[in-house]
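Peer 1: build the 3D model from these lines:
(one chain, ligands or ions: 1)
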Amino acid sequence: MKSGRSDYLVRATALDGRVRAFAVDSTGVTAELSGRHGTEPAVTAALGRLATGALMFSAMLKKSQHTVSIRILGDGPAGVLLAAANGNGEVRGLVGRPVTGADQVSNGKLNVAGVVGRNGRLTVTRDLGLRHPYVGVVELVSGEVGEDLAHYLVSSEQTPSAVGVGVFVGGGGEVAAAGGWMVQLLPGVPTADATRIEDAIRGLPHPTTMIRSGDTPEDVLARIFPSGFESLDRLPVRFHCPCTAERVERALSLLGEAEVRSILEKDRAGGITEVTCEFCGERYTLDTAAMEAIAVRARR
Ligand code: ZN
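Peer 2: Just a heads-up that it's a prediction; the model follows:
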């Protein structure tokens, strides 16, 4: 649907640094997530919204190797949804059940809350390279993802925030547009300015309406801040899974020797153990000798 355009995120400030803002076009990322996981439209929208949010959360990280992952476990049929992004603008995601068979449309919109569930939890884990990751948890407020992310920022991080995320899925199930914006008011914003920003946000078209009409992330920010904003950087964003054969072997060895041997026994007839990365679908095959070596490693 979009040609010659690639996904990117803009990090910006306004009102002399007292407002933090982000906007992103994540159409390509969402299309790749959908393609890799074979999601039905409502799940495509749920996962795409979550990945879009994770990319904006990751834009708050100080270092490129830091990561943020956002996990939603609602009472809907899609099961767990997870998106993880790093400071380089790389994101990956997974969903428990890509095809739920639930009604895909509700009130003329993709039935995101219907597949996610309206009750459950949203967990944000930030790995900042410290001994322990920083973890925050809130209850879901709507299961529509955007409101849940805003609720997290307001209640868990005590920052007045607004989040808009959207995914438009075409008639053939293809991702036609995806993206979002996020605005945070830091201490010291005059009430009149805060009101003006809130009014602008209230009058904002849906994120995918803006993207489909040709708005860039900068155009979206210009709608929110008609009197101007300062763009800090423009970061290309893309789907990327850091899995490698080595990481798969390490993960297997963490299961312990007994578990590795039991997998090995089960797969011995074929001589091959196949491991699929749940984030990207990449298949790794290990022969008997490789599995034996992992079992020995798992003993330590
Ligand atoms: Zn992978």
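
Peer 1: who in the stretch 101-250 of the chain is up against the ion?
Peer 2: Residues of the stretch 101-250 of the chain lying close to the ion by Cβ under 5 Å from the ion are 241, 243. To be clear about C-beta, it is placed using only N, CA and C from the backbone, and glycine gets the same treatment.

Peer 1: now do the strands in the stretch 101-250 of the chain.
Peer 2: 105-106, 109-110, 120-127, 134-139, 161-169, 175-185, 230-236, 238-239 (DSSP state E, counting those that start in this stretch).

Peer 1: so which of these is nearest Asn88?
Peer 2: Closest approach to Asn88 among the strands of the stretch 101-250 of the chain (Cβ to Cβ): strand 230-236, 7.9 Å.

Peer 1: distance of the nearest residue to Glu90 once chain neighbours are set aside from Gly76?
Peer 2: Leaving aside its chain neighbours, Glu90 sits nearest to His240 (3.7 Å; criterion: Cβ to Cβ, 6 or more residues apart in numbering). From His240 across to Gly76, the span is 28 Å (Cβ to Cβ, to the nearest Å).

Peer 1: neighbour-wise, which of these two wins?
Peer 2: Gly76 (27 against 17; other Cβ atoms under 10 Å).

Peer 1: which ones are touching the residue nearest to Glu90?
Peer 2: Applying Cβ atoms under 8 Å, 6 or more residues apart in numbering, one finds that His240 lies in contact with 90-92.

Peer 1: between these, which sits nearest the ion?
Peer 2: Arg92 (6.8 Å; Cβ to the ion).

Peer 1: would JSON lines of the strands of the stretch 101-250 of the chain with mean pLDDT and mean neighbour count be doable?
Peer 2: As requested, the strands of the stretch 101-250 of the chain are exported to JSON lines (pLDDT from 0 to 100; neighbours: other Cβ atoms under 10 Å):
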{"stretch": "strand 105-106", "mean pLDDT": "93", "mean neighbour count": "12"}
{"stretch": "strand 109-110", "mean pLDDT": "94", "mean neighbour count": "18"}
{"stretch": "strand 120-127", "mean pLDDT": "97", "mean neighbour count": "18"}
{"stretch": "strand 134-139", "mean pLDDT": "96", "mean neighbour count": "13"}
{"stretch": "strand 161-169", "mean pLDDT": "97", "mean neighbour count": "26"}
{"stretch": "strand 175-185", "mean pLDDT": "97", "mean neighbour count": "26"}
{"stretch": "strand 230-236", "mean pLDDT": "96", "mean neighbour count": "14"}
{"stretch": "strand 238-239", "mean pLDDT": "97", "mean neighbour count": "18"}
